[in-house]
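> How does the following fold in three dimensions:
(one chain, ligands or ions: 1)
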Amino acid sequence: LSSFDEKPCVLTTCQDIHQAVAGARSSGKTVGLVPTMGALHAGHLSLVDASIAQCDVTVVTIFINPTQFGPGEDLAEYPRTLEADLASLAERGVHLVFAPANEEILPPGYSTYVEPPEVARPLEGRCRPGHFRGVTTVVLKLFHLIPAHVAYFGHKDYQQSVVIRRMVEDFDLPVRIEVCPTVREPDNLAMSSRNAYLTPPERQQALALYRSLSTAAELVGQGERHAATIRAKMQEVLVDAGITRIDYVALVKPESLKETDQITRPTVALVAAFVGQTRLIDNLRIGQS
Ligand code: PAF
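Numbers count the residues shown, from 1 in each chain. Next comes the predicted model:
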């Protein structure tokens, strides 16, 4: 793999990527995988940095998975920035990029899907039916094509990380899942490829998502334990900022993702809401002490 030292080697076929990764493994190298849909930002690059620090070879996949978008969602508008993505991956020292066409992953006649685990049902699963079926199917396929030792996901998509961990455990997949912290802008907006859709006033409005989560953390810090009271305040923060299309404001147990009534243990606070036409999600661990 010494020829990948400067620029990433971009592969587009399943056969080529499998061969390259299997070859790296058989020469004793550890392999890290960072699955993405492109439109890379500092959040993705933190996953890349973690993989580069921990593994001999880092593979980044760029594939806008159509099966995880519902009808009426933003598949057609999703930002496509391949050249810029490759430039930032080159800068980071990524070895291999897998950027397949749709038909390479989902050829005509493709019809096998993963039935996602129970933890995929609430939250995103309820608001975006079929989303996790698409995510798990494509991630399973990537794990199979790219036999990595470690795969990196962001805490920002918290439920996705729980769903994938469950799938890995249930299918005995030989890959370790690392979940890396959410990367935020200086004003605490969570990095997201979808932030590119926001107009300047919406960008300001979007700050209410993190404010809502930190309100939950503050209330718990002040001794409030009643989840319904905290959720109501979280909702109020969003509404006060003019955000009224709220998919959920939730306080859940970190592993089961079941709603909690009393915050007596570590809890994850999550929000999903539309800022203008853009659906944003964010979350924060609270109640640690
Ligand atoms: O988090 C994402 O970008 C996507 O859901 C993933 C994991 C690349 C699967 O398409």
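
> which one is whichever residue of the stretch 151-289 of the chain sits closest to the ligand nearest to, not counting chain neighbours?
Closest approach of the stretch 151-289 of the chain to the ligand (CB to the nearest ligand atom) occurs at residue 157, with a separation of 5.1 Å. C-beta here means a position set from N, CA and C on the backbone, and glycine is covered the same way. Computed as CB to CB, 6 or more residues apart in numbering, the closest residue to residue 157 that is not its neighbour in sequence is residue 281, at 7.3 Å.

> quick check, the one you found in a strand?
Yes: secondary structure of residue 281 (DSSP: H, G, I helix; E, B strand; the rest coil): part of a strand.

> how about the residues of the stretch 1-150 of the chain near the ligand?
Within the stretch 1-150 of the chain, the positions lying close to the ligand (CB under 6 Å from any ligand atom) are 35, 36, 37, 65, 68, 135, 138, 139.

> Redo those residues as JSON lines? Include secondary structure and pLDDT.
Converted to JSON lines, those look like this (DSSP: H, G, I helix; E, B strand; the rest coil; pLDDT from 0 to 100):
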{"residue": "35", "secondary structure": "strand", "pLDDT": "99"}
{"residue": "36", "secondary structure": "strand", "pLDDT": "98"}
{"residue": "37", "secondary structure": "coil", "pLDDT": "98"}
{"residue": "65", "secondary structure": "coil", "pLDDT": "98"}
{"residue": "68", "secondary structure": "helix", "pLDDT": "98"}
{"residue": "135", "secondary structure": "helix", "pLDDT": "99"}
{"residue": "138", "secondary structure": "helix", "pLDDT": "99"}
{"residue": "139", "secondary structure": "helix", "pLDDT": "99"}
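
> For the closest residue to the ligand within the stretch 51-200 of the chain, which residues are in contact?
Proximity of the stretch 51-200 of the chain to the ligand (CB to the nearest ligand atom) peaks at residue 65, 3.8 Å away. Residues counted as contacts of residue 65 (CB atoms under 8 Å, 6 or more residues apart in numbering) are 37, 105, 134, 135, 138.

> so what's the backbone phi/psi at the nearest residue to residue 197 once chain neighbours are set aside?
Spatially, and ignoring its direct neighbours in sequence, residue 197 is nearest to residue 278 (4.4 Å; CB to CB, 6+ apart). The phi/psi pair for residue 278 (degrees, to the nearest 10) reads phi -100, psi 120.

> Next, residue 284: secondary structure please.
Quick answer, by three-state DSSP: residue 284 is strand.

> Checking residue 224 next. Helix, strand or coil?
Here residue 224 is recorded as coil under three-state DSSP.

> Thought residue 230 was touching it, still the case?
Yes: counting by CB atoms under 8 Å, residue 224 touches residue 230, with 6.0 Å between them.

> got any residues that touch both of these two?
residue 263.

> More neighbours: those two, which one.
residue 230 (25 against 14; other CB atoms under 10 Å).

> Can you list the residue ranges for helices in the stretch 51-200 of the chain?
Ranges of helices in the stretch 51-200 of the chain, per DSSP state H, counting those that start in this stretch, are 82-92, 102-105, 124-127, 131-145, 158-170, 200-205.

> returning to what we had before: hang on, the residue nearest to residue 157 packs against residue 274?
No: counting by CB under 8 Å, residue 281 stays clear of residue 274, with 10.7 Å between them.

> Which one of the two is surrounded by more residues?
residue 281 (22 against 14).

> quick one on the thing from earlier: mind putting the helices of the stretch 51-200 of the chain into CSV with mean neighbour count?
Shown next, in CSV, are the helices of the stretch 51-200 of the chain (neighbours: other CB atoms under 10 Å):
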stretch, mean neighbour count
helix 82-92, 15
helix 102-105, 14
helix 124-127, 18
helix 131-145, 21
helix 158-170, 20
helix 200-205, 15
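
> Out of those helices, which is closest to residue 31?
helix 131-145 (11.3 Å; CB to CB).

> what's that closest one packed up against?
In terms of contacts (3 or more CB pairs under 8 Å, 6 or more residues apart in numbering; DSSP states H and E), helix 131-145 is packed against helix 14-26, strand 31-36, helix 124-127, helix 158-170.

> Select, out of these, the one closest to residue 199.
Short answer: helix 124-127, nearest of these by CB to CB, at 23.2 Å.

> thinking again about what came up before, going by distance to residue 78, which of the residues of the stretch 1-150 of the chain next to the ligand wins?
Taking CB to CB as the measure, residue 78 lies nearest residue 37 of these, at 6.8 Å.
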